[in-house]
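Trainee: Got a predicted structure plus its sequence, pasted below:
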Amino acid sequence: MSCRSESTGLPAEPQHLVHQALQYLALLLVMALVGIGPVRAAVDDTRPGNPPDDAAPITLAEVATGELLFRTAVAGEYVPAVQLHTRADIQVNGFIANIDVVQRFKNTTRDWVEGVYVFPLPETAAVNAMELRIGERVIVGEIREKQQAREAYAAARKQGRKAALVEQRRPNLFATAVTNIAPGQEVEVHLSYVETIMYDSGTFTLRFPMTITPRYIPGARTQATEAPLGIAPGSGWAANTDQVPDAAEITPFLQPRRSMSLRPRNPIELFVRIDPGLPLAGIASTYHEIQVVRQSGIYAISLTGGPVPMDRDFELTWQPAVGFAPRAALFTEQLDGQTYALAMILPPEQNVETLRLPRETVFIIDTSGSMGGEPMRQAKAALQVALSRLGAHDRFNVIAFNDWPSLLFNEVRPATPQHLSTAQDWVGRLQSGGGTEMMRALDAALLPPSLDSGEYLRQVIFITDGAVGNEAALFRSIAGNLGDRRLFMVGIGAAPNRHFMRKAARFGRGHFTHIGRQDEVERKMEVLFDRLEKPLLRDIRLDWPAGSEALTQPDPVPDLYAGQPIIVTARLATLGGTVSATGLTAAGAWQQSLELTASRSHRGVATLWAREQLAAMNDQIALQGETDERRARMLKLALRHQLLSRYTSFLAVEQKPSRPLSMADRSRAVPNLRPHGQSLQPFAYPQTATSSVEAFWFGLVGLIATALLWFRVMTIRVATAPQGPQR
């Protein structure tokens, strides 16, 4: 069954092809009429001293999106107005990582400028410190209520004082603004955050995100309002909409991938120091070349060859030596007279054979424009593997979506060889393009009544990069319409929206799997299906000593699968007693206890507890909406623990003005690198539901067609005009 467009009546895929054809036609007409290549913002600035010697030039052909460029003395070469260099130092102790990130902004122009950079951090990061460094001067950032911080920053910008502001736009998306950077000057913004190391199936995983997959922005465009951070309204590539009121804040422009023979744009240096507390069998980097040096049980890791472009996430994994896998762990910290604890309990492996119940599985595959290139190939390969794992007694259906969902069958069908062959052929013909109307696909999977489920395990497997801006609305839809299903998210690409993936799986009582490379598809999909078939532990309950203020995240704890630990945080009245975990396995009841005895103090445990409290409050807001009471509770907790949150920001302001007030402070956006492997087609950015970008190209085509028609009519009139009397 193919859905049709409400506006044109065309099937979704042909309608998208018409839109794409009109876009390319518009581009060809513009190029033919005015005789130019890609249209980009460039400023003629060839005065002496511009650009600096260390500014790597680019050509217009290398620019994938709008950014301010300055001409160089070499014809056809340009440099960006503000350069960014990043360094990350990561210290791992057991299950806790403390990360320091340095962002160095350099003004390559002869103007006083403001640099604005939107960047990702782990969705589980607890940002708890910031400093602004100007030469030898260090200005320690203070946590403030967000609106107060914005007003103080705007005042400092107007007064000519250097200032830095760091905000949280989403749990995994942040923004730094630095104002009044003098010509040729460098300033540094230092951020510190804490997070928990993931442990699953015998492997520790540390992930450091480096770029952003463009989010699709649905909804009707709203009137532009004053933008934050002093930048012009609409500084992102998308306008604010009624469904994503902050769209302009979460849609930074992207830089193109660059030849490896040239100096990387937005380079990063990355150093990791691991104190695992147990012997390791091996350390590996999934997507980057690394070198490892071991000394006295400490492992020092760095990138081979120095800085790399920030076009894909960094992922580091390590495994304990045989016989040293942790069964339980406890980390504590004393802060302001309070004791905070982080506990990890790993259920034992079960070798009991269980009866495999038949499954009713609906697969959803994202075919939108952001999936173009390598992500689309990975997604199709993952779906083909998933289809091959269905048994003769299973039922299934497949939904592909971009602007509209398209269903393979009008209802779930038995997984017969004929139906599976039809599905595999259909999947093989899928192509990327169009918007990411995810809500329509979820409705198609969750809302229709199913056939009699009987003993069927009802599962939805969603394959996507998660590139959407309306996360909260999607979370509400999942939680409200899930029923007896389980939602499993499969993240695709070099930089998926992990915040959306993890939370969608959490609200869907399922699990999140990430596939970042083609050669990972088969292995990770096999692991996923092994888990779908054999849940290890369910109905989990945790009992803490009296007087503890514990938080289990997520709450309730979802079903666990082989190799997955229970990780919880708590604030304790006193250190002592036990925490008891109970649950049901295929072999019967299970219980394990952990003594809450004194241990070596670990910096960051209190911060992690506060972050988990804030995460739980964010979930309440996502499902039930914002209230004054919830805002007040979150603000109080964030201020007390000095944490960046949806209601707080870090602000650092120097005391004396730097910029002469007679000189203007120009705002410059610092673009991100495009995620590795994503297609470099023109017009690859997601579009709003109101199709503002499409409307522009339709209008441009119409304008050009009108001009050509007018020119043709005038030519005909001249050619056919009556001639004067011959002489």
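Mentor: Happy to help now that I have it.

Trainee: Contacts for stretch 500-513, please.
Mentor: If you take CB atoms under 8 Å, 6 or more residues apart in numbering as the criterion, stretch 500-513 is touched by 123, 459-460, 462, 464, 466, 468, 471, 474-475, 478-479, 482, 485-491, 498, 514, 524-525, 527-528, 531, 554, 558-559, 561, 619, 622-623. Heads up, the C-betas are built off the backbone N, CA and C, glycines and all.

Trainee: Let me know the helix or strand that the residue nearest to Ala415 when sequence neighbours are not counted is in.
Mentor: Once flanking residues are discounted, Ala415 sits nearest to Leu390: 4.0 Å by CB to CB, 6 or more residues apart in numbering. Element membership of Leu390, judged by DSSP states H and E, is empty: it is in no helix or strand.

Trainee: Quick check: Leu390 touching Thr361?
Mentor: Yes - if you go by CB atoms under 8 Å, Leu390 and Thr361 touch, sitting 7.0 Å apart.

Trainee: which of these two has more neighbours?
Mentor: Counted by other CB atoms under 10 Å, Leu390 and Thr361 do not tie: Thr361 has more neighbours, with 26 against 21.

Trainee: re earlier: give me the buried subset of the contacts of stretch 500-513.
Mentor: Buried members of the contacts of stretch 500-513, counted by 16 or more other CB atoms under 10 Å: 123, 459-460, 462, 464, 466, 468, 471, 474-475, 478-479, 482, 485-491, 498, 514, 524-525, 527-528, 531, 554, 558-559, 561, 619, 622.

Trainee: coming back round to it: in strands, which of the contacts of stretch 500-513 fall?
Mentor: Counted as lying in strands by DSSP state E, out of those, are 459-460, 462, 464, 486-491, 514.

Trainee: Any stretches of the stretch 351-500 of the chain with poor pLDDT?
Mentor: Counting by pLDDT under 70, the ranges of the stretch 351-500 of the chain that qualify are 351-356, 449-454, 494.

Trainee: show me where it has helices.
Mentor: For the stretch 351-500 of the chain, the helices defined by DSSP state H, counting those that start in this stretch occupy 374-388, 417-428, 438-446, 471-481, 498-507.

Trainee: quick one, which of those is nearest to Gln334?
Mentor: helix 498-507 (30.1 Å; CB to CB).

Trainee: so how far is the closest one off the chain centroid?
Mentor: When distances are taken as CA atoms, centre = their mean, to the nearest Å, helix 498-507 is centred 11 Å away from the chain's centroid.

Trainee: Kindly report the same for stretch 653-663.
Mentor: 36 Å.

Trainee: and what of stretch 309-326?
Mentor: Between the centre of stretch 309-326 and the centre of its chain there are 20 Å (CA atoms, centre = their mean).

Trainee: Give me the distance between the two termini of that stretch.
Mentor: One end of stretch 309-326 to the other measures 35 Å (CA to CA, to the nearest Å).

Trainee: Over to stretch 562-569?
Mentor: End-to-end distance for stretch 562-569: 22 Å, by CA to CA.

Trainee: got the contact list for the residue nearest to Ala415?
Mentor: Counting by CB under 8 Å, 6+ apart, Leu390 touches 359, 361, 396, 415, 420.

Trainee: Neighbour-wise, give me the winner out of those residues.
Mentor: Counting by other CB under 10 Å, top hit in those: Thr361 with 26 neighbours.

Trainee: thought it was touching Phe396?
Mentor: Yes - Thr361 lies in contact with Phe396 (CB under 8 Å); the separation is 4.9 Å.

Trainee: about what we covered before: closest one to Val118 out of the contacts of Leu390, please.
Mentor: Closest approach between these and Val118, by CB to CB: Thr361, at 36.8 Å.

Trainee: Any idea what the closest one is bridged to?
Mentor: Beta-bridge partners of Thr361, counted by DSSP bridges, are Phe396, Gln459.

Trainee: same check, this time on Asn107
Mentor: Counting by DSSP bridges, Asn107 is bridged to Val82.

Trainee: What is the burial count for Leu572?
Mentor: 20.

Trainee: can you check Ala392 too?
Mentor: By other CB under 10 Å, the residues close to Ala392 number 9.

Trainee: Leu420 versus that one, what's the distance?
Mentor: Per CB to CB, to the nearest Å, Ala392 is found 10 Å from Leu420.

Trainee: Check Gly469 too.
Mentor: Taking CB to CB as the measure, Gly469 and Leu420 are separated by 35 Å.

Trainee: Equivalent analysis for Leu560, please.
Mentor: Using CB to CB, Leu560 is found at 30 Å from Leu420.

Trainee: quick one: which of the helices of the stretch 351-500 of the chain is nearest Glu195?
Mentor: Glu195 lies closest, by CB to CB, to one member of the helices of the stretch 351-500 of the chain: helix 498-507, at 12.0 Å.

Trainee: Show me which parts of the closest one are buried, residue by residue.
Mentor: Those would be 498-507, for helix 498-507 by 16+ other CB under 10 Å.

Trainee: Mind checking which residue lies nearest the centre of this structure?
Mentor: Centre of the chain computed as the mean C-alpha position; nearest residue by CA atoms, centre = their mean is Asn497, 3.0 Å away.

Trainee: just checking, it touches Gly466?
Mentor: Yes - under the criterion of CB under 8 Å, Asn497 makes contact with Gly466 at 3.4 Å.

Trainee: Would you agree Arg413 is in contact with Val398?
Mentor: No - under the criterion of CB under 8 Å, Arg413 makes no contact with Val398, lying 9.9 Å away.

Trainee: follow-up on the earlier one: for Leu390 and Thr361, list the residues in contact with both.
Mentor: In terms of CB under 8 Å, 6+ apart, Leu390 and Thr361 are both contacted by the residues Phe396.

Trainee: which ones are touching Ala152?
Mentor: When contacts are counted by CB under 8 Å, 6+ apart, Ala152 touches 144, 163, 651, 653.

Trainee: Most widely separated two among these?
Mentor: Checking the contacts of Ala152 with CB to CB, the most distant pair is Arg144 and Ala163, at 12.2 Å.

Trainee: between these two, which one's more packed in?
Mentor: Per other CB under 10 Å, whichever of Arg144 and Ala163 has more neighbours is Ala163, with 26 against 18.

Trainee: May I have stretch 398-407 exported as PDB, CA atoms only?
Mentor: Presented in PDB, the C-alpha positions along stretch 398-407 are these (Å, rounded to 0.1, in the frame of the first residue of the first chain):
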ATOM      1  CA  VAL A 398       8.100  -3.500   6.500                       C
ATOM      2  CA  ILE A 399       7.500   0.300   6.500                       C
ATOM      3  CA  ALA A 400       9.800   2.700   4.600                       C
ATOM      4  CA  PHE A 401       9.400   6.400   5.100                       C
ATOM      5  CA  ASN A 402      10.600   9.800   4.200                       C
ATOM      6  CA  ASP A 403       7.900  12.500   3.700                       C
ATOM      7  CA  TRP A 404       5.300   9.700   3.800                       C
ATOM      8  CA  PRO A 405       5.400   6.100   5.000                       C
ATOM      9  CA  SER A 406       5.100   3.300   2.400                       C
ATOM     10  CA  LEU A 407       4.000  -0.200   3.600                       C
END
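
Trainee: Any idea how far that stretch is from the middle of the chain?
Mentor: The chain centroid and the centroid of stretch 398-407 are separated by 22 Å under CA atoms, centre = their mean.

Trainee: Stretch 387-398 now?
Mentor: 31 Å.

Trainee: That stretch: end-to-end distance?
Mentor: Note: stretch 387-398 ends 10 Å apart using CA to CA.

Trainee: So which bits of that stretch are buried?
Mentor: By 16+ other CB under 10 Å, the buried positions in stretch 387-398 come out as 387, 389-390, 394-398.

Trainee: Can you get me a residue count around Leu280?
Mentor: By other CB under 10 Å, the residues close to Leu280 number 17.

Trainee: which residues sit against stretch 467-481?
Mentor: So stretch 467-481 is in contact with 170, 213-219, 238, 243-244, 247, 250-251, 368, 370, 436, 438-439, 442-443, 446-447, 487, 496-497, 499-500, 503-504, 507-508, 619, 621-623, 686, going by CB under 8 Å, 6+ apart.
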